[in-house]
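A.B. asks: Sequence and predicted structure, then a few things I'm wondering about:
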Amino acid sequence: MRIRNRLAGLAIATAVVAGGCGFNPLDYFRPTRLSRAPRAPLVDDDDRISWAANEPWFVVVRKSCRTLDVYRYGERQRSYAAVFGLNNHGSKLYEGDRRTPTGLYAIVDKRRHTRWRHFMLLDYPNLQDLHRYWVAMEAGDIPSRGDEYAGVGGAIGIHGTDEPRLNARNVDWTFGCISLQNRDVDDLASLVPVGTLVWIAD
């Protein structure tokens, strides 16, 4: 409930003031139809984002820039190199499409992981993802698997790597998660608490 209240508060704040490079994440957060038009990439020079000035911690993932940036009260504190799902084109629609989702999420769990050092679970699928999924279903874009359609999926998060050479070469290798080098995921896990908002942009 607290996370939902903070999302609602952020929605009001960002609707009033859009900062950084002139974008408002909630312009992307309210899809009314499935769009295939490419979105303009964010510029990776936002040392300050005014629309997150009230957030103790805020994470911005820019897939086109291959970065994960950490902000504290709107001021950038860290920038890490990141890699994504094997099929790094567009937003995640269904389980098994190997895409990293785009949108506004929250870290809902954080734990040590034997394979990936840390795993920070995101609240995918959220209502916007379910909306996108059903629009895609109506458009015939969800594949069938036997007598059923592919589900919407889940278990998307931020984690370390057991393939550090792939991360170093910027090779996308996950099934949809965001992967950082292990030293970076250690640092990130020490900074951001459960409840931190995560904006993932193409």
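C.D. replies: In hand now; what should we look at?
A.B. asks: quick one: strands adjacent to the longest strand along the chain?
C.D. replies: Longest among the strand segments of the chain by residue count, using DSSP state E, is strand 103-113. Strand partners for strand 103-113, identified by DSSP bridges, are recorded as strand 117-122 (antiparallel), strand 197-201 (antiparallel).
A.B. asks: Among these, single out whichever gets nearest to Arg72.
C.D. replies: Arg72 sits nearest to strand 197-201 of all these, at 12.5 Å, using Cβ to Cβ. C-beta: built from backbone N, CA, C; applies to glycine.
A.B. asks: Find the helix or strand that Trp134 is a member of.
C.D. replies: Per DSSP states H and E, Trp134 falls inside helix 127-138.
A.B. asks: Could you point out the helix or strand that follows that helix?
C.D. replies: Sequence order places strand 144-145 as the next helix or strand after helix 127-138, per DSSP H and E.
A.B. asks: Next up, the contacts around the residue of the chain most remote from its centre.
C.D. replies: Using Cα atoms, centre = their mean, the residue of the chain lying farthest from its centre is Asp147. It sits 31.2 Å away. The contact partners of Asp147, by Cβ atoms under 8 Å, 6 or more residues apart in numbering, come to none.
A.B. asks: Sketch out the low-pLDDT regions of the protein for me.
C.D. replies: Scanning the chain for pLDDT under 70 picks out the ranges 1-45.
A.B. asks: go with 80
C.D. replies: Per-residue confidence for the chain (pLDDT under 80) gives these ranges: 1-46, 88-89.
A.B. asks: any chance you could map the strands in it?
C.D. replies: Along the chain, counting by DSSP E, strands occupy 58-62, 67-72, 75-81, 103-113, 117-122, 144-145, 148-149, 157-159, 178-179, 197-201.
A.B. asks: ok, Thr161 to Val70 distance?
C.D. replies: As judged by Cβ to Cβ, to the nearest Å, Thr161 and Val70 stand 18 Å apart.
A.B. asks: returning to what we had before: tabulate the strands of the chain (a markdown table), appending distance to Arg165 and mean neighbour count.
C.D. replies: As requested, the strands of the chain are arranged in a markdown table below (distance: least, Cβ to Cβ, whole Å; neighbours: other Cβ atoms under 10 Å):
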| stretch | distance to Arg165 | mean neighbour count |
| --- | --- | --- |
| strand 58-62 | 22 | 24 |
| strand 67-72 | 19 | 20 |
| strand 75-81 | 13 | 16 |
| strand 103-113 | 19 | 17 |
| strand 117-122 | 16 | 21 |
| strand 144-145 | 33 | 10 |
| strand 148-149 | 36 | 11 |
| strand 157-159 | 17 | 26 |
| strand 178-179 | 12 | 27 |
| strand 197-201 | 24 | 23 |
